[in-house]
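# just need the structure, nothing else, for what follows:
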Amino acid sequence: MLSLLQYAMLESCIERGGRCSRSVFIDQFMRTSTAQKRHAQSIVTRSIERLIARGLLAGYGLKTKEKLFIQSVRITPLGRRTVAAIQKHKQKLLPFAK
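As a prediction, the model looks like this:
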C-alpha cells in the first residue's frame, strides 16, 4: 500500500518523463504541508528510500559507508505498472442511462 505522498511522487515522475530530482518532491510536499523545511526533507527522503526498497524507483546519487545521498530518481517499469493499476482502480464508472 502506498501513501498519498508516495503515490504523488510516482505520478510526478511519470509526468516529468520518468526521471526527476529530489528537490521537485520537496517543493511539491512543502506546497501541501505545514511541516518545516528540515522535517519535510527527512519525510521525503524516507519515502524515497522506501519506494527504492520496494523496487518502484531507482535512485541516483552518492553512497558512502554510512549514508545514501539521493539526488535524483527514475521510475521503474514496476512503478509505472503500479501507478497504472491504481489509476485504473480509482476510475469511476459513469451512470449512463439506458
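
# remind me which residues of the protein are low pLDDT?
91 (pLDDT under 70).

# hey, where'd the helices end up in it?
Under the criterion DSSP state H, helices of the chain are mapped to 4-15, 22-32, 37-54, 77-90.

# okay if I get the ones you listed as a markdown table plus distance to residue 64?
C-beta: built from backbone N, CA, C; applies to glycine. Formatted as a markdown table, the helices of the chain follow (distance: least, Cβ to Cβ, whole Å):
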| stretch | distance to residue 64 |
| --- | --- |
| helix 4-15 | 24 |
| helix 22-32 | 17 |
| helix 37-54 | 15 |
| helix 77-90 | 26 |
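
# most tightly surrounded among those?
Ranked by average neighbour count under the criterion mean count of other Cβ atoms under 10 Å, those are headed by helix 4-15 at a mean of 17.

# got the CA positions of that helix in PDB?
Once non-C-alpha atoms are left out, helix 4-15 reads as follows in PDB (Å, rounded to 0.1, in the frame of the first residue of the first chain):
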ATOM      1  CA  LEU A   4      -0.600   9.700  -0.800                       C
ATOM      2  CA  LEU A   5       2.900  11.200  -0.800                       C
ATOM      3  CA  GLN A   6       4.500   8.100  -2.400                       C
ATOM      4  CA  TYR A   7       1.700   8.000  -5.000                       C
ATOM      5  CA  ALA A   8       2.200  11.700  -5.800                       C
ATOM      6  CA  MET A   9       5.900  11.100  -6.200                       C
ATOM      7  CA  LEU A  10       5.400   8.300  -8.700                       C
ATOM      8  CA  GLU A  11       2.800  10.400 -10.600                       C
ATOM      9  CA  SER A  12       5.200  13.400 -10.800                       C
ATOM     10  CA  CYS A  13       8.000  11.100 -12.100                       C
ATOM     11  CA  ILE A  14       5.700   9.900 -14.900                       C
ATOM     12  CA  GLU A  15       4.600  13.500 -15.700                       C
END
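
# so what's the gap between stretch 9-24 and the chain middle?
Put simply, stretch 9-24 sits 7 Å off its chain's centre (Cα atoms, centre = their mean, to the nearest Å).

# next one: the nearest residue to residue 68 once chain neighbours are set aside from residue 49, what distance?
Closest residue to residue 68 apart from its sequence neighbours, by Cβ to Cβ, 6 or more residues apart in numbering: residue 61 at 6.7 Å. Applying Cβ to Cβ, to the nearest Å, the value for residue 61 to residue 49 is 11 Å.
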